[in-house]
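Participant: A structural model of the following input is requested.
(one chain, ligands or ions: 1)
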Amino acid sequence: MAEEHSNLDPEDWSQFRAEAHRMLDDMVDALAQLRQRPVWQPASEAVRALFDAPLPTAGQPLAQLHEQCMESILPYVVGNAHPGFMGWVHGGGTPVGMMAAMMAAGLNVNAGGRNQIALDVEQQVVRWMRDLLGFPATADGVLTGGTSAATVIALVSARNEALDAGGELSRLVAYASTEVHGSLRRALMVIGLDAAVQLQAIDCNAQLQIDLSRLEAQIAEDRAAGLQPWLLVGSAGTVNSGAVDDLSALAALARAHGLWFHVDGALGALAMLAPEIAPRLRGIGNADSLAMDFHKWGQVPYAAGMVMMRDGAQHRRHFMAAEHYLQRDAQGLAGHSPWPCDFGIDLSREFAALKVWMTFQAYGSARLGRMIARGCRLAADLAARLAAMDDVELMAPQSLNIVCFRYCGGAYDEVALDRINRELVRRIQLSGLAAPSLTCMGGRAVIRVALVNHRTSLQDIDRLLATMQSALEATLAGDGRIGEG
Ligand SMILES: Cc1ncc(COP(=O)(O)O)c(C=O)c1O
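Facilitator: Below you'll find the model as predicted:
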């Protein structure tokens, strides 16, 4: 019996290289020809069944796996690389980001720490963001899988500071607008608070920003009731409508009341790259902590986010764990302390900084900023066109890159209108021509378009509107046709 090859590298590197080149060519073609494919299509039961097979004992040739990826995976992902994707808040990725992810996987760096250049790359990215956002030199940060994880890290520090100052966990109260993202509730839960009781969701003004006078009144009321106002969260772009809270007023209010000020910058922090939008984020650098994403408006392939902490020394105090096998030294591989694992939850981490770093290096901050500004202009244009239609109502002020609207024509009651709007979204998605998503505002079903992808152009907005028109005709006729824009 022939002895098995003694390690996992290819026996024939030239054969591997040829197949690897074919894989790369296929992915480059897939990106170059995005418009030739549907934005999204559901996978058939037969395709899904392929992923029901048991753990394989024997391996398969790479060529076979490559084919399976192309036939059974590539056509059925969510479609956010496609210019017609307009749902949720998904970045489109870039070819450079794809290559960076491949380089990072090839290097197989564990970016948790040790004396290696990957840490310098990450620190440079953090410094770029620190300066862009206007944080002081004392600030530090660490890359995370996204804003949800970044928020947990920020809130651990905020909670520990409050407890160190004599606070009582069960009396701490957090404040945010009713529009705040659900990741805040989850983070509160993770750090041991009861979000149902300890998060005060403050009503918004007409612009869907947190109402400052209601906020102040609530803080005063809670303090009078013996509670401990602790955390104030501002949104630099809410997920539903893109509303930006008045961050500089919130920062001042937090200082005046002794609250920790955290900013959710998942969606909007990178709008600091666009000079025409940056003034709306005034005050963002006054936060005690900030969570943000690169995989949204930064167009970095998933997943990459970051937490930024105003007081770096304080941050490290809360996370540095003295593990005997992770001790540091002035020289050798144990040098270059502090390490990313001293700033967050993960010890072993991917080298996500490389794809962020390469994206900024390849495209430059000005060009990325122009992409962001263009998405906002497209959103304003779409909102104006929708507002001019008799049977459509805008459901929120258009802000940043998001437009929320619903069909409101005919003599239908609210229940029927909800059903029609849900059906519209479903039909548009199934058409493969565009993919908005659905949200809920004031208890009503609302169509939501978020223009995050740098590839989306006016042509895609035209196609969305044409597809919506045929989807509407089919929905009202109830004839089962799918939008044929
Ligand atoms: C405003 C806002 N905050 C937080 C998040 C959560 O970010 P992530 O998915 O990177 O964890 C999102 C995601 O869409 C968001 O839009």
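Participant: all contacts plus neighbour counts: C-alpha atoms, from now on.
Facilitator: OK.
Participant: Could you list the buried residues of the helix or strand hosting Ala362?
Facilitator: Element membership of Ala362 [criterion: DSSP states H and E] is helix 352-387. Neighbour-count burial for helix 352-387 flags 352-360, 365, 368-376, 378-383, 386 (criterion: 16 or more other Cα atoms under 10 Å).
Participant: tell me which strands and helices it is in contact with?
Facilitator: If you count contacts as 3 or more Cα pairs under 8 Å, 6 or more residues apart in numbering; DSSP states H and E, helix 352-387 packs onto helix 95-107, helix 117-133, strand 392-394, strand 402-407, helix 458-477.
Participant: what about that helix, near the ligand?
Facilitator: No - Helix 352-387 lies out of reach of the ligand by Cα under 6 Å from any ligand atom, never closer than 13.5 Å.
Participant: between that helix and helix 95-107, what angle do the directions make?
Facilitator: Angle between the axes of helix 352-387 and helix 95-107 is 150 degrees (criterion: axes from the mean of the first three to the mean of the last three Cα atoms, to 10 degrees).
Participant: Can you list the residue ranges for helices in the stretch 1-150 of the chain?
Facilitator: 13-32, 45-50, 62-68, 95-107, 117-133, 147-164 (DSSP state H, counting those that start in this stretch).
Participant: can you list the residues of this protein near the ligand?
Facilitator: 89, 146-148, 181, 183, 237-239, 264, 266-267, 293.
Participant: go with 5 Å
Facilitator: For the chain, the contact set with the ligand under Cα under 5 Å from any ligand atom comprises 89, 146-148, 181, 238-239, 266.
Participant: Is it correct that Ile447 falls within a strand?
Facilitator: Yes - residue state for Ile447 (DSSP: H, G, I helix; E, B strand; the rest coil) corresponds to a strand.
Participant: Tell me what it is bridged to.
Facilitator: Taking DSSP bridges as the rule, Ile447 bridges to Phe405, Leu438.
Participant: could you check the distance from it over to Pro436?
Facilitator: 7 Å (Cα to Cα, to the nearest Å).
Participant: Next, the contact list for Phe405, please.
Facilitator: 386, 392-396, 446-448 (Cα atoms under 8 Å, 6 or more residues apart in numbering).
Participant: in the stretch 151-300 of the chain, which spans are helices?
Facilitator: Using DSSP H, counting those that start in this stretch, helices in the stretch 151-300 of the chain cover 183-190, 195-198, 212-224, 247-257.
Participant: And the residue in the stretch 201-350 of the chain that the ligand sits nearest to, how far from His262?
Facilitator: Using Cα to the nearest ligand atom, the closest approach of the stretch 201-350 of the chain to the ligand is made by Val239 at 4.1 Å. Computed as Cα to Cα, the Val239 to His262 distance reads 16 Å.
Participant: Give me the more crowded residue out of those two.
Facilitator: Applying other Cα atoms under 10 Å to Val239 and His262 shows that His262 carries more neighbours, namely 29 against 20.
Participant: Please name the bridge partners of that one.
Facilitator: Bridge pairing for His262 - DSSP bridges - gives Val233, Ser289.
Participant: tell me which residues in the helix or strand of the chain with the lowest mean pLDDT are buried?
Facilitator: Counting by mean pLDDT, DSSP states H and E, the chain has its least confident helix or strand at helix 312-319, which shows a mean of 93. By neighbour count on 16+ other Cα under 10 Å, the buried set for helix 312-319 is 312, 314-316, 318-319.
Participant: coming back round to it: okay if I get the helices of the stretch 151-300 of the chain as CSV plus mean pLDDT and mean neighbour count?
Facilitator: Shown next, in CSV, are those (pLDDT from 0 to 100; neighbours: other Cα atoms under 10 Å):
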stretch, mean pLDDT, mean neighbour count
helix 183-190, 98, 18
helix 195-198, 97, 16
helix 212-224, 98, 15
helix 247-257, 98, 18
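Participant: possible to save those as CSV with distance to Asn205?
Facilitator: As requested, those are exported to CSV (distance: least, Cα to Cα, whole Å):
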stretch, distance to Asn205
helix 183-190, 20
helix 195-198, 22
helix 212-224, 9
helix 247-257, 14
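Participant: if we can go back for a sec, tell me which of the residues of the chain next to the ligand is nearest to Arg130?
Facilitator: Nearest to Arg130 among the residues of the chain next to the ligand, counting by Cα to Cα, is Ala266 at 15.1 Å.
Participant: contacting residues for that closest one?
Facilitator: Contact analysis of Ala266 by Cα under 8 Å, 6+ apart lists 146-147, 236-237, 291-293, 296, 305.
Participant: care to break this protein down by domain?
Facilitator: Using automatic domain parsing, the domain parsing of the chain gives 13-78, 109-350, 370-477.
Participant: re earlier: now the common contact residues for Ile447 and Pro436.
Facilitator: Val425.
Participant: Met189 against Gln198, yeah?
Facilitator: No - Met189 is beyond contact range of Gln198, at 9.9 Å (criterion: Cα atoms under 8 Å).
Participant: Run a quick neighbour tally on Arg422.
Facilitator: Neighbour number of Arg422 under other Cα under 10 Å is 18.
Participant: And the pLDDT at it?
Facilitator: Listed pLDDT for Arg422 reads 98.
Participant: ok, it - contacts?
Facilitator: Counting by Cα under 8 Å, 6+ apart, Arg422 has contacts 438, 445-447.
Participant: Tell me the one of these nearest the ligand?
Facilitator: Nearest to the ligand among the contacts of Arg422, counting by Cα to the nearest ligand atom, is Leu438 at 13.5 Å.
Participant: who touches the closest one in this structure?
Facilitator: Applying Cα under 8 Å, 6+ apart, the residues near Leu438 are 87, 422, 425, 445-448.
Participant: Farthest pair within those residues?
Facilitator: Top of the distance list for the contacts of Leu438 (Cα to Cα): Gly87 and Ala445, 14.5 Å.
Participant: Okay, now the unreliable bits of the chain?
Facilitator: 1-3, 479-485 (pLDDT under 70).
Participant: at 50 instead, please
Facilitator: Within the chain, the ranges that satisfy pLDDT under 50 run 479-485.
Participant: what about stretch 442-449, distance to the chain center?
Facilitator: Computed by Cα atoms, centre = their mean, to the nearest Å, the chain-centroid distance of stretch 442-449 equals 20 Å.
Participant: hmm, I was thinking of stretch 230-247
Facilitator: Using Cα atoms, centre = their mean, the offset of stretch 230-247 from its chain centre is 14 Å.
Participant: Could you do stretch 169-185 as well?
Facilitator: Worked out by Cα atoms, centre = their mean, stretch 169-185 lies 19 Å from the chain centre.
Participant: For that stretch, list every residue counted as buried.
Facilitator: 169, 171-181, 183-185.
Participant: for it, how far is the first residue from the last?
Facilitator: 15 Å.
Participant: got the contact list for that stretch?
Facilitator: 147-148, 151, 159, 163, 192-193, 195, 198-204, 208-211, 215, 226-235, 238-240.
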